[in-house]
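Participant: test case, fold it:
(one chain, ligands or ions: 1)
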Amino acid sequence: MRAKLTIVGLLAACAGALGALTFIPGAVETFLPKRSMTTVGQAMVGGPFEMTNQAGERVRDEAYRGKLMLVYFGFTYCPDICPAGLQVMTAALDELGKDADKVAPIFITVDPERDTPEQMKRYLDSFHPGLVGLTGSAKDVDKAAKAYRVYYRKAEDAALSEYTMDHTSFIYLMDVNGRYITHFAHAVEPDKLAARLRREIAQIGG
Ligand code: NI
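Facilitator: You can find the predicted model right below:
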């Protein structure tokens, strides 16, 4: 009963046209190109990755077998979308209490240039303590993003001193074997996410 994943150009502009407009008078809002992907079968979302965690250790996706994976791509300089997504994940995991240890929440950067392991560690201190922050080489990131069908792009803005990143902002739920179950919008209700996690945990628990 796992529905096929249809991505209808749901992209998040972390650049925050909003941020630009708030802080830089006269900044022009930029829009992401409309991008519709065709229907993607579940087997096509997810796959192997090897990256560096916030402790500086190399880890592979296989390290999380036996746990559900909650995978979210973003970057630490993101002004609003990523913090919102990570807050939702944190709130849902808090709701689970002890069962949260059956879930591996993973934040994968799309901005390895700035997101060093140290930066990831500092940033994740504000969120659930179980969160794993993964970074690596541009190639590492590209491989992980491709596996999850995640779109990302560096967005330069002459009006801003810092570049930003456009990126897909789904939260992916993967089963204990690393296979795709479903995905959520980054602004999903924490209760809804927690309820789904409980259901999946009940299935693996027995
Ligand atoms: Ni973001």
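Participant: need the residues of this structure near the ion, please.
Facilitator: Contact residues, the chain versus the ion (Cβ under 5 Å from the ion): 14, 74, 78, 81-82. Heads up, the C-betas are built off the backbone N, CA and C, glycines and all.
Participant: redo those as TSV? Include pLDDT.
Facilitator: As requested, the residues of the chain next to the ion are exported to TSV (pLDDT from 0 to 100):
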residue	pLDDT
C14	51
G74	98
C78	93
I81	93
C82	94
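Participant: now, which of the residues you listed lie within strands?
Facilitator: Assignment to strands by DSSP state E places the following of the residues of the chain next to the ion there: G74.
Participant: possible to save the residues of the chain next to the ion as TSV with neighbour count and distance to T164?
Facilitator: Compiled in TSV, the residues of the chain next to the ion are given as follows (neighbours: other Cβ atoms under 10 Å; distance: Cβ to Cβ, whole Å):
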residue	neighbour count	distance to T164
C14	24	6
G74	27	11
C78	26	8
I81	22	10
C82	25	11
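Participant: could you pick out which of the residues of the chain next to the ion are located in helices?
Facilitator: 81-82 (DSSP state H).
Participant: looks to me like H167 is in a strand.
Facilitator: Yes: under DSSP: H, G, I helix; E, B strand; the rest coil, H167 sits within a strand.
Participant: what's the pLDDT at the closest residue to it other than its chain neighbours?
Facilitator: Excluding the flanking residues, the one nearest H167 by Cβ to Cβ, 6 or more residues apart in numbering is Y152, at 4.0 Å. You'll see Y152 listed with a pLDDT of 97.
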